[in-house]
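**Student:** Next comes the sequence, and after it the predicted model I'd like to discuss.
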2 protein chains.
Amino acid sequence: MNVEMEIICVGNELLIGKTLNTNALWMAKRATSLGVVVKRITVVSDDVNEIATVITETIKRKPRFITTTGGLGPTFDDKTLEGIAKALKCKLEVNERALKMVKEKYEIYANQGKIERVEMTPPRVKMATLPEQAQPMSNPVGTAPGVIINIKNTTLIAVPGVPSEMEAIFEESIVPLLKKEAGNVTFFETSIFADNIMESVLAPLIDQTMHDNAYAYIKSHPKGEEDTPHIELHFSTTAKDSKTGKNRLGNAIIQLTELIEKKGGKIRLQKKKK
Amino acid sequence: MNVEMEIICVGNELLIGKTLNTNALWMAKRATSLGVVVKRITVVSDDVNEIATVITETIKRKPRFITTTGGLGPTFDDKTLEGIAKALKCKLEVNERALKMVKEKYEIYANQGKIERVEMTPPRVKMATLPEQAQPMSNPVGTAPGVIINIKNTTLIAVPGVPSEMEAIFEESIVPLLKKEAGNVTFFETSIFADNIMESVLAPLIDQTMHDNAYAYIKSHPKGEEDTPHIELHFSTTAKDSKTGKNRLGNAIIQLTELIEKKGGKIRLQKKKK
């Protein structure tokens, strides 16, 4: 059975079109590479009620994992943990382990002479104030800890929105959890490119190839226009071993290539340069 | 009152981390520039039930506009219209106006000698098969028409996922609708950069500035680490005229700059080069 994940990205900057959502891309790609199926990505604003609503809705769909990015920092608009607490109808409280993690970071900064003394001001304590049943996850490169909460059969994980921090916590603490659940499977993918064949002509050929090759998924991505067609054909599958994965894709590629060439199309192994 | 929009992006390529969601960025930025508030962006797979579920959920939140991108083409996995029909519990039927639009495109390709004759094959008719109460919107640069459906007080608009087609339909057919609803407002934004001040020290200064400057929204984006801080401060507001918008941001910038400099921070007008 598929191990499913949903990703929730918190941040006004994503909704006003200021920031490209590279975090969602990175996280989706990394989870997919481990055989996890990302079912949905949702972007919401830095608003407690919006965050609480999307968390509540997502929990109801019962994915095995929910990861949120953004909103864990010290400023007033870092509201992810408040939103999670609201959704779970639980209190926020200072978590002693989290407080120790945050304090240790400022002690390092003080030892390095970057700050004068370690003062646990309200914005700093805020980063250690978690929903009551949550546990902190160490942040190898930044200050705000990640947060993990088990809710029945769903594991909810919150990581910061700063890409280097998100990636470091994901690799250190989340990847092992995903591997344990998804087992030893890998996602295989490759692309070829078709010229001189319209997507509307290609459509039934893809249908036929997918029908004959169970488990190989093929998706066409038009890169030119319908009248000057240059179409990426993306093949993917999830398999327990490399031989199975590569055989599946290889067989599908051979069949589709033959069908396309019969219709006068040309296959390239790389994207046409503009 | 705010004119609200939700964006739904359909495509497995976004969920496996193959494709960066530049469509969501472009659409969110363009809508925001017109004073529309983008409340949520949701990414789902090329699956009829997933699409139908997210459409149903989104309609319940009653945004003024819902725009979907992707899934309007001729292939088997272009399922957005089927998903919309399922959500609205209505039939799909060949729309005569849409059929005419699609046919005219192929007639042009035939006249240009790009295809031998105009044959309305099932994949081509599929692009003109719409939910029964829908109307097509002309696609200035591609083949598949956009689709518009009014559902009580919500306007649902579906556009293709090919960026050039999405942008062209948005500019030609959607921008006028948004302008009509949002009126003559504009979104103003600008950024400054703060060095030598940690985000945890900055937090209460932003609080105070936002408290004193109603309507100016300020968000901090750490670009370095907490111990070597380089923080973008993004100021934004929506206003009816340029003078009001710029004054609001100017006043907020002056106040926050003074507060930061008192704490030993330095302000730059541009991002520090790495």
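**Tutor:** Received it, and whenever you're ready, just let me know what you need. On a predicted model such as this, the values are computed, not experimentally measured, just so you know.
**Student:** Could you list the low-pLDDT ranges of the stretch 101-250 of chain A?
**Tutor:** Residues of the stretch 101-250 of chain A that meet the criterion pLDDT under 70 lie in A:226.
**Student:** Next to chain B in this structure, residues from the stretch 51-200 of chain A, please.
**Tutor:** A:54, A:57, A:73-77, A:105, A:108-109, A:112, A:114-115, A:121-124, A:127, A:141-143, A:162, A:164, A:187, A:189, A:198-200 (C-beta under 8 Å from any C-beta of the partner chain). (Glycine included, C-beta is placed from N, CA and C.)
**Student:** Name only those of these that count as buried.
**Tutor:** Buried by 16 or more other C-beta atoms under 10 Å in any protein chain shown: A:54, A:73-77, A:105, A:109, A:115, A:123-124, A:127, A:142-143, A:162, A:187, A:189, A:198-200, out of these.
**Student:** What sits closest to residue A:79 if chain neighbours are left out?
**Tutor:** Once flanking residues are discounted, residue A:79 sits nearest to residue A:48: 5.0 Å by C-beta to C-beta, 6 or more residues apart in numbering or on different chains.
**Student:** and the one you found, how many residues sit next to it?
**Tutor:** Residue A:48 has 18 neighbours, counted by other C-beta atoms under 10 Å in any protein chain shown.
**Student:** sorry, back to before: now, the buried ones among the residues of the stretch 51-200 of chain A next to chain B that are in helices?
**Tutor:** A:54, A:105, A:109, A:123-124, A:199-200 (DSSP state H).
**Student:** Just the strands from chain A, written as ranges.
**Tutor:** Ranges of strands in chain A, per DSSP state E, are A:4-10, A:37-44, A:65-69, A:92-94, A:129-131, A:135-137, A:146-151, A:154-159, A:186-195, A:217-222, A:230-239, A:266-268.
**Student:** residues making contact with the second one?
**Tutor:** Put plainly, it is strand A:37-44. Contacting residues not belonging to strand A:37-44 are listed as A:2-11, A:14-15, A:21, A:24, A:27-28, A:31-32, A:50-51, A:53-54, A:58, A:61, A:63, B:14-17, B:24, B:39-45, B:50, B:54 [C-beta atoms under 8 Å, 6 or more residues apart in numbering or on different chains].
**Student:** could you flag which of these are buried?
**Tutor:** A:3-11, A:14-15, A:21, A:24, A:27-28, A:31-32, A:50-51, A:53-54, A:58, A:63, B:14-17, B:24, B:39-45, B:50, B:54.
**Student:** rewinding a little: if we only consider the ones in helices among the buried ones among the residues of the stretch 51-200 of chain A next to chain B, which is nearest to residue B:179?
**Tutor:** Ranked by distance to residue B:179 (C-beta to C-beta), those are led by residue A:54 at 29.0 Å.
**Student:** So that closest one sits against residue A:8, correct?
**Tutor:** Yes - counting by C-beta atoms under 8 Å, residue A:54 does reach residue A:8; the two are 5.8 Å apart.
**Student:** Can you give me the domain assignment for chain A?
**Tutor:** Domain ranges of chain A: A:4-182, A:186-268, per automatic domain parsing.
**Student:** Tell me which of the ones you listed lies nearest to residue B:174.
**Tutor:** domain A:4-182 (14.6 Å).
**Student:** Give me the distance between the two termini of that closest one.
**Tutor:** Start and end residues of domain A:4-182 are separated by 9 Å (C-alpha to C-alpha, to the nearest Å).
**Student:** Distance from it to the middle of the chain?
**Tutor:** Taking C-alpha atoms, centre = their mean, to the nearest Å, one finds domain A:4-182 lying 13 Å from the centre of the chain it belongs to.
**Student:** In this structure residue A:142 contacts residue A:159, no?
**Tutor:** No - checked against C-beta under 8 Å, the pair residue A:142 and residue A:159 is beyond contact range at 9.9 Å.
**Student:** and for those two, which residues touch both?
**Tutor:** residue A:165.
**Student:** how deep is the closest residue to residue A:177 other than its chain neighbours tucked in, by neighbour count?
**Tutor:** Computed as C-beta to C-beta, 6+ apart, the closest residue to residue A:177 that is not its neighbour in sequence is residue A:155, at 6.7 Å. Other residues lying near residue A:155 total 19 when counted by other C-beta under 10 Å.
**Student:** now do the one 5 residues further on
**Tutor:** Residues lying near residue A:160 (other C-beta under 10 Å) number 29.
**Student:** So it is in contact with residue A:139, correct?
**Tutor:** Yes - in this structure, residue A:160 is within contact of residue A:139 by C-beta under 8 Å, at 7.0 Å.
**Student:** Now the common contact residues for the two.
**Tutor:** A:146, A:169.
**Student:** Now for residue A:85: which residues touch it?
**Tutor:** A:91-92, A:131-132.
**Student:** any chance of the residues you listed in TSV, with neighbour count and distance to residue B:180 too?
**Tutor:** Formatted as TSV, the contacts of residue A:85 follow (neighbours: other C-beta atoms under 10 Å in any protein chain shown; distance: C-beta to C-beta, whole Å):
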residue	neighbour count	distance to residue B:180
A:91	11	46
A:92	16	43
A:131	23	43
A:132	12	48
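**Student:** and which of those is nearest chain B?
**Tutor:** Taking C-beta to the nearest C-beta as the measure, chain B sits nearest to residue A:92 out of the contacts of residue A:85, at 16.7 Å.
**Student:** Could I get the pLDDT score of the closest one?
**Tutor:** As predicted, residue A:92 sits at a pLDDT of 97.
**Student:** Who is it paired with across the strands?
**Tutor:** residue A:131 (DSSP bridges).
**Student:** my read: it touches residue A:132, true?
**Tutor:** Yes - between residue A:92 and residue A:132 there is a contact at 7.4 Å, judged by C-beta under 8 Å.
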